[in-house]
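Asks: Sequence below, structure please.
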Amino acid sequence: MGEALALDAAWLFAALLILLVLAAAGIAARRFLLERGGATVECGLRRPGRSWRLGLASYQLDEFRWYGIFGVSMRPEQTFSRRDLAVVARRPPTEEEVTILGPGRIVAECQLGASTTIDLALAESALTGLLAWLESAPPGSHLGVTR
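Replies: Next up is the predicted model:
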């Protein structure tokens, strides 16, 4: 009976290990596919009253798309229009934020439209890229008219 129990435990452990490896492979494959589109950076996101979430951000033609790091969907969890997104301030992360986000991040406080705010945590080079992407909008796009 003891040997059968040990054998069952070994099979259960092996099955759990296989599931963990498959989950890690799935996350890695999803990240590879997201990064294949180009202009992708690691980016933390925090909405007012919520905690930080780690993820990837992608710059598209007129959208800033944010994907949660552990998601399974290839669709973005959040999409922000370039026309509505503005960086209003930046600051170094607090000690508590560094433990969540990792070292070398800058927190960008952003305004979405007239009343909504979000925080983005990016590497300094990624923040420079975000600012350049925001400034490179086509003429008149802030008015809703492009030529």
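Asks: Pop the domain breakdown of this protein in here.
Replies: Following automatic domain parsing, the chain resolves into domains at 1-36, 38-142.
Asks: which residues sit in contact with E35?
Replies: E35 makes contact with L56 under the criterion CB atoms under 8 Å, 6 or more residues apart in numbering. Where C-beta positions appear, they are placed from N, C-alpha and C, glycine not excepted.
Asks: can you rerun that using 10 Å?
Replies: Counting by CB atoms under 10 Å, 6 or more residues apart in numbering, E35 makes contact with V41, L56, S58.
Asks: Indicate each strand paired with whichever strand or helix holds the last one and its parallel or antiparallel sense.
Replies: Assigning secondary structure by DSSP states H and E places S58 in strand 53-59. If you go by DSSP bridges, strand 53-59 pairs up with strand 40-46 (antiparallel), strand 63-68 (antiparallel).
Asks: Kindly confirm my reading that A15 is in a helix.
Replies: Yes. Assignment of A15 by DSSP: H, G, I helix; E, B strand; the rest coil places it within a helix.
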